[in-house]
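Asks: Let me see the structure of the following:
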Amino acid sequence: MESGVRKGFRFLWYLAYPLLVYEVIYELPVFVLASAEGGRLQREAGLPILGLASALTAAVLGWQYRKLGLGMPRSGWERTRQTAEQARKALGGTRQTPERTSLALDQTGQAPGRASDWEGGLAKAGSWIFWSVLVGMGACLCFNHGLMLFPLPGQEQALREIGEVLYTPPLWMQVLCTGLLTPLAEELMFRGMGYARLRRELPVWPAALITAVWFGIFHGTLSQGVYAALTGFLLALVYEWTGRLSAAWAAHGAANVLAVGLTAAAAEDWVGTRPVLAGAIALAGAAIAALGLWRLKTESEAGA
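Replies: Model (predicted):
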């Protein structure tokens, strides 16, 4: 029987390994560019380097994610395909002739593997994408405005430093890097390679909590860490209840893109001087995120 210490080190490796891959990949372009600039890296290069490192990390970890067969049991589209495969095997496991296909239509009302299967799958995919995006947007509104009402030590300086790196490049680069590439890499790091492996040995809530705390620590500062940990917990639930890492990616990307849009519109500065409004937005965001999670969970339980 495996000892608790050994299991703890194994869990730690599950969490640390993806970060080590990311750090090695991230430091390479930093070293190259810093050398080219005479040992000093320009601040404007921060976001492009982050995007490049995220893309390379996603390529490496995505390959490993598929090779190791990680992931949660799915519903929806894949279940429809499994049902079609089961129906095919029930008919003898042979390629369908017109006569046998007609028999399948008479018995099930639908030919296994036909276009209607995929149409239904696409409709269900649209559903989980919509609710996942809603979770991400709600989390962004809730946690950002909640931190406005209850600021943490060093929050203002941390946000200013992060803003200089993330929100000064062109808007298209912000959306590409923080809305697509970085969320993809982080979801593979924390939910795909981390949560999915812990989930094989732990219940939902401990696995979600551990990876959420680790996600928060990864973000460095106290305010960003709290925001990331809370958001990461919800992202683990999105992954759990959809069985799709792409759903967590959609939620994560939606949260980041909304943050980019609010920053570009200077909406946070205006709302920050109106605590009642900030509180109302935080509550509305919590309700939106809760609705999205509830819909994902009920659809999962219904075998949607």
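Asks: State the next helix or strand along the chain beyond the longest helix anywhere in the chain.
Replies: The residue-count maximum for a helix in the chain (DSSP state H) belongs to helix 115-149. Reading on from helix 115-149 to the C-terminus, the next helix or strand found by DSSP states H and E is helix 155-166.
Asks: What lies in contact with that following helix?
Replies: 43, 46, 47, 50, 147, 174, 178, 221, 222, 223, 224, 263 (C-beta atoms under 8 Å, 6 or more residues apart in numbering). All C-beta atoms are positioned from the backbone trio N, CA, C, and that covers glycine.
Asks: 7 Å instead?
Replies: Helix 155-166 is contacted by residues 43, 46, 47, 147, 174, 178, 221, 223, 224 when judged by C-beta atoms under 7 Å, 6 or more residues apart in numbering.
Asks: burial count for the last one?
Replies: Translated: residue 224. 18 (other C-beta atoms under 10 Å).
Asks: just to confirm, which helix or strand has it in it?
Replies: Assigned by DSSP H and E, residue 224 falls in helix 222-242.
Asks: Go through that helix and flag the buried ones.
Replies: 223-242 (16 or more other C-beta atoms under 10 Å).
Asks: quick one: the helices in the protein?
Replies: 4-36, 46-67, 77-90, 98-108, 115-149, 155-166, 171-176, 182-186, 196-199, 204-218, 222-242, 245-264, 267-272, 275-301.
Asks: Pick the most buried one from these.
Replies: The highest average neighbour count among those, using mean count of other C-beta atoms under 10 Å, belongs to helix 182-186 at a mean of 25.
Asks: quick revisit: show me what the longest helix of the chain packs onto, helices and strands only.
Replies: helix 77-90, helix 222-242, helix 245-264, helix 275-301 (3 or more C-beta pairs under 7 Å, 6 or more residues apart in numbering; DSSP states H and E).
Asks: in the stretch 1-150 of the chain, which segments are predicted with low confidence?
Replies: 1-2, 31-43, 74-123 (pLDDT under 70).
Asks: 50 instead?
Replies: By pLDDT under 50, the low-scoring segments of the stretch 1-150 of the chain are 76-80, 82-83, 85-87, 89-90, 94-119.
Asks: And for the stretch 201-304 of the chain?
Replies: Judged by pLDDT under 50, no stretch of the stretch 201-304 of the chain qualifies at all.
Asks: Mind doing that once more with 90?
Replies: Within the stretch 201-304 of the chain, the stretches with pLDDT under 90 are 220-221, 263-275, 299-304.
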